[in-house]
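1. Provided below for reference: sequence and predicted model.
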Amino acid sequence: MWFQWTATEDGELTVNTNGSTFDTLLSLYFVGDEILGQLIKGSMTDFDQFQKLDGNNDAREDVEFSELTSAVERGQTYLIAVDGNNGEEGLINLNYARSIDAPICFPVKSGDNNMSMVCL
């Protein structure tokens, strides 16, 4: 599952999947506006264009949730990817703390296959 976040100021973003029902993988990517538009429209096919900033499998040796912290820059859009380790699936619980106030958004596909963004 992909989540989108745009920094309103320079600062720091921390995300984790504590509380998810499966062993997660977590990654943070930087993408430009053109690539983001393709992703939202569902026409993105070349994920090699994403710039991976950070990734994590387990926050600590004794847990199966993932956590990462990264510096972020004002006006830049970031994508947060949550996946299952070894193909595991389940319910995702995405927790975040940020030093700046900006909503985290995720794409939702409607019945007519149009994509829209929901922000928290």
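-> All right, it came through fine.

2. break down this structure into its strands, ranges please.
-> Ranges of strands within the chain are 2-6, 11-16, 24-30, 51-56, 67-72, 77-84, 95-98, 104-109, 115-119, based on DSSP state E.

3. what helices or strands is the shortest one leaning on?
-> Using 3 or more C-beta pairs under 8 Å, 6 or more residues apart in numbering; DSSP states H and E as the contact criterion, the elements in contact with strand 95-98 are strand 11-16. Every C-beta, even on glycine, is put in place using the N, C-alpha and C of the backbone.

4. coming back round to it: want to try TSV for the strands of the chain, with mean pLDDT, distance to L36 and mean neighbour count as columns?
-> Formatted as TSV, the strands of the chain follow (pLDDT from 0 to 100; distance: least, C-beta to C-beta, whole Å; neighbours: other C-beta atoms under 10 Å):
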stretch	mean pLDDT	distance to L36	mean neighbour count
strand 2-6	83	7	19
strand 11-16	90	17	18
strand 24-30	92	10	20
strand 51-56	89	12	15
strand 67-72	92	15	16
strand 77-84	90	6	19
strand 95-98	79	19	14
strand 104-109	62	10	15
strand 115-119	63	10	11
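
5. list the contacts of the residue sitting nearest the centre point of the chain.
-> Geometric centre of the chain, nearest residue: I80, 1.2 Å, by C-alpha atoms, centre = their mean. I80 is in contact with 2-5, 15, 26-29, 94, 104, counting by C-beta atoms under 8 Å, 6 or more residues apart in numbering.

6. CSV please, covering the strands of the chain and showing distance to G37.
-> CSV is the format used below for the strands of the chain (distance: least, C-beta to C-beta, whole Å):
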stretch, distance to G37
strand 2-6, 11
strand 11-16, 22
strand 24-30, 15
strand 51-56, 16
strand 67-72, 20
strand 77-84, 10
strand 95-98, 24
strand 104-109, 12
strand 115-119, 10
